[in-house]
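Peer 1: Mind looking at a prediction? Sequence and model below.
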2 protein chains.
Amino acid sequence: MCCRNRHSENFFKGELYGIKILKTIALFSGLSADQLETLSHIAVRKDYKRGEMIFHEGDKGNGIYIVETGRIKVFKLSMDGKEQILHIYGPGHTFGEVPVFQGKNFPASSMALETAGIIFLPRDRFVKLITATPALGMNMLADLSRRLRDFTVQIEALSLKEVPARLAAYLLTLSREQNNDARVSLPISKAQLSNLIGTTPETISRMFKKMGDAGLIAVQTRTIEIQDKEGLEELSESGRL
Amino acid sequence: MCCRNRHSENFFKGELYGIKILKTIALFSGLSADQLETLSHIAVRKDYKRGEMIFHEGDKGNGIYIVETGRIKVFKLSMDGKEQILHIYGPGHTFGEVPVFQGKNFPASSMALETAGIIFLPRDRFVKLITATPALGMNMLADLSRRLRDFTVQIEALSLKEVPARLAAYLLTLSREQNNDARVSLPISKAQLSNLIGTTPETISRMFKKMGDAGLIAVQTRTIEIQDKEGLEELSESGRL
DNA sequence: ATAAAACCTTGATCTGAATCAAGACACTGC
DNA sequence: GCAGTGTCTTGATTCAGATCAAGGTTTTAT
């Protein structure tokens, strides 16, 4: 019913716009203009509202997702409702690939953390394109490898480090990402943060306080001033508070 | 100096032997005889003794490893010597791929758990082969995807489940792997087991006892009789003991 | 601007599992 | 068959962090 309309929208605007976006995504670096155009033809875009589910653990996965705008989380829920966040992704990141290459279904769920624009590439056509484009395949291998590396770090943190060390490590990661040694701004609520590093809001609150008392940081609502980077690094490696 | 000799060995024996092994490995399923022969030419084999390191976290990774015989572990060590086992792999499994596709170095270390024969495929030539062989690339993507899935399960277990649930889940996994609903044999020492599920030998010991008292299992040194599979499943999902 | 809802902090208490300590068991090679 | 070494069990104690409870603050939507 709406097809005529959507098509004409795509014709001039959607398509070219798509290429411009796709070009900025690491996964597609090194692809020719032709290949990008092919991609832009198979891409579908959708908006999600804050809190809206993108997919559920156990759903059949039928394509890969790319964050264009906004931020999303990928997470697991336990039987009794506790949450562990696996990733938080912003513009340019891809997610949901596991079932594309492995069959089966999503091992985790995904939700928009704020209003988000998501690009979707349907499985069959994407797989065909990868088979025909070695560079894209290699990019994808690199991408999955990076994720495996990230997971080993996360597992190490959860099982070998205590909460203060994990929190310190997270602040240092933010500082690196934001290119700012002096202060970082928390991209997520403290409740989300607690799920990301595997603890509770109460504990986060207490740790921030302790780290403040120890002269490592100063917390102003959503901004954290780093007063002793060395100290934070030491804490993140093995330290107690 | 030894080249003449090795070459003549390979000519009739080494090569064919290599192909026969490579053929049984999931990663290489669907490859033509030609492609397998190419692989067999770039493969190098090495034996490791129990306890011998295969690579260290931080080393430059310059190829992929395949277990031919024996069993190996991939693990992380914390600053203060605590260990978290990430994987235990037997014949046919590949490991050490992350740096091959991502550059950088090994995110974890690897050690032989018993006498083990390991096949090594040097990076450059393996990457070239993948680029030229879409089926191999797709197999590799599937392999990495499976590992990502395994990691999400491991992270969920570590952060959302308690020790009894993790232990129950591990026993059920073993039962599935060994195709035996009635009894499983532990493939590793209880000390290694404790590192695999992220706890200590003392705690493992106590939990086995509790699970015995609850009528779920009966432990005989290295063999565990499963007396109440339903109960184990319930415990693995969310249960307390 | 204001009400409602989310989010955050703080204190008191509880608990799962680590740690410390010491014995028992069970595989090695001699 | 026995000493010796590594592996496992058991008990006592400690501790990090979860949970419960309640008040305070910021954000969001109307």
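Peer 2: Yep, that arrived.

Peer 1: The host helix or strand of A:Leu39 near chain B at all?
Peer 2: A:Leu39 is part of helix A:33-42 when elements are defined by DSSP states H and E. No - counting by Cβ under 8 Å from any Cβ of the partner chain, chain B has no neighbours in helix A:33-42; the shortest distance is 14.9 Å. From N, CA and C alone the C-beta is placed, and that goes for glycine too.

Peer 1: Helix or strand next in line after that helix, which one?
Peer 2: strand A:44-48.

Peer 1: buried set for the following helix or strand past that following strand?
Peer 2: Using DSSP H and E, the helix or strand that follows strand A:44-48 in sequence is strand A:53-55. Of the residues in strand A:53-55, A:Ile54, A:Phe55 count as buried by neighbour count, 16 or more other Cβ atoms under 10 Å in any protein chain shown.

Peer 1: What's the mean pLDDT across strand A:53-55?
Peer 2: Averaged across strand A:53-55, the pLDDT comes to 93.

Peer 1: ok, now stretch A:95-108?
Peer 2: For stretch A:95-108, the per-residue pLDDT averages 94.

Peer 1: then that stretch to CSV, C-alphas only?
Peer 2: Presented in CSV, the C-alpha positions along stretch A:95-108 are these (Å, rounded to 0.1, in the frame of the first residue of the first chain):
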residue,chain,number,x,y,z
PHE,A,95,25.7,-5.6,15.8
GLY,A,96,23.6,-8.7,15.5
GLU,A,97,26.0,-10.5,13.2
VAL,A,98,26.4,-13.7,15.1
PRO,A,99,23.3,-15.5,13.7
VAL,A,100,24.0,-14.2,10.2
PHE,A,101,27.1,-16.4,9.9
GLN,A,102,26.3,-19.1,12.3
GLY,A,103,22.6,-19.7,11.7
LYS,A,104,20.6,-20.2,14.9
ASN,A,105,19.3,-17.2,16.8
PHE,A,106,20.4,-14.1,18.7
PRO,A,107,22.4,-15.0,21.8
ALA,A,108,21.4,-11.6,23.4
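
Peer 1: near chain B at all, that stretch?
Peer 2: Yes - interface with chain B: stretch A:95-108 contributes A:Glu97, A:Val98, A:Pro99, A:Val100, A:Phe101, A:Gln102, A:Gly103, A:Lys104, A:Pro107, A:Ala108 (Cβ under 8 Å from any Cβ).

Peer 1: List the ones among those residues that fall in helices.
Peer 2: Among these, DSSP state H puts A:Val98, A:Pro99, A:Val100, A:Phe101, A:Gln102 in helices.

Peer 1: residue contacts, the first one?
Peer 2: Under the criterion of Cβ atoms under 8 Å, 6 or more residues apart in numbering or on different chains, the contact list for A:Val98 reads A:Gly61, A:Phe106, A:Pro107, B:Ser145, B:Leu148, B:Arg149.

Peer 1: The strand or helix carrying the fourth one and DNA strand D, are they touching?
Peer 2: It refers to B:Ser145. Take DSSP H and E as the rule and B:Ser145 turns out to sit in helix B:134-160. No - Helix B:134-160 stays clear of DNA strand D (Cβ under 7 Å from any atom of the strand), getting no nearer than 8.5 Å.

Peer 1: Distance to DNA strand C and neighbour count for the contacts of A:Val98 - can I get that in CSV?
Peer 2: Output for these, formatted as CSV (distance: Cβ to the nearest atom of the strand, whole Å; neighbours: other Cβ atoms under 10 Å in any protein chain shown):
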residue, distance to DNA strand C, neighbour count
A:Gly61, 27, 21
A:Phe106, 24, 21
A:Pro107, 23, 22
B:Ser145, 30, 23
B:Leu148, 25, 22
B:Arg149, 24, 18
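
Peer 1: I'd like the residues you listed as a markdown table, with distance to A:Thr200 appended.
Peer 2: A markdown table is the format used below for the contacts of A:Val98 (distance: Cβ to Cβ, whole Å):
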| residue | distance to A:Thr200 |
| --- | --- |
| A:Gly61 | 31 |
| A:Phe106 | 26 |
| A:Pro107 | 24 |
| B:Ser145 | 32 |
| B:Leu148 | 27 |
| B:Arg149 | 27 |
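
Peer 1: quick check, nearest of these to DNA strand D?
Peer 2: A:Pro107 (22.7 Å; Cβ to the nearest atom of the strand).

Peer 1: The most centrally placed residue in chain A: what's it in contact with?
Peer 2: Note on chain A: the residue nearest the mean C-alpha position is A:Tyr89, at 1.9 Å, using Cα atoms, centre = their mean. Neighbouring residues of A:Tyr89 by Cβ under 8 Å, 6+ apart: A:Val67, A:Arg71, A:Ile72, A:Lys73, A:Val74, A:Phe95.

Peer 1: can I get these in JSON lines with neighbour count?
Peer 2: Converted to JSON lines, the contacts of A:Tyr89 look like this (neighbours: other Cβ atoms under 10 Å in any protein chain shown):
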{"residue": "A:Val67", "neighbour count": "21"}
{"residue": "A:Arg71", "neighbour count": "18"}
{"residue": "A:Ile72", "neighbour count": "24"}
{"residue": "A:Lys73", "neighbour count": "22"}
{"residue": "A:Val74", "neighbour count": "23"}
{"residue": "A:Phe95", "neighbour count": "22"}
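
Peer 1: Could you save these as JSON lines and add columns showing secondary structure and distance to B:Asp47?
Peer 2: Listed next are these as JSON lines, based on DSSP: H, G, I helix; E, B strand; the rest coil; distance: Cβ to Cβ, whole Å:
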{"residue": "A:Val67", "secondary structure": "strand", "distance to B:Asp47": "47"}
{"residue": "A:Arg71", "secondary structure": "coil", "distance to B:Asp47": "49"}
{"residue": "A:Ile72", "secondary structure": "strand", "distance to B:Asp47": "47"}
{"residue": "A:Lys73", "secondary structure": "strand", "distance to B:Asp47": "46"}
{"residue": "A:Val74", "secondary structure": "strand", "distance to B:Asp47": "41"}
{"residue": "A:Phe95", "secondary structure": "strand", "distance to B:Asp47": "41"}
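
Peer 1: tell me which of those is nearest to DNA strand D?
Peer 2: Nearest to DNA strand D among these, with distances taken as Cβ to the nearest atom of the strand, is A:Arg71, at 12.2 Å.

Peer 1: quick one: that closest one from A:Phe208, how far?
Peer 2: 22 Å (Cβ to Cβ, to the nearest Å).
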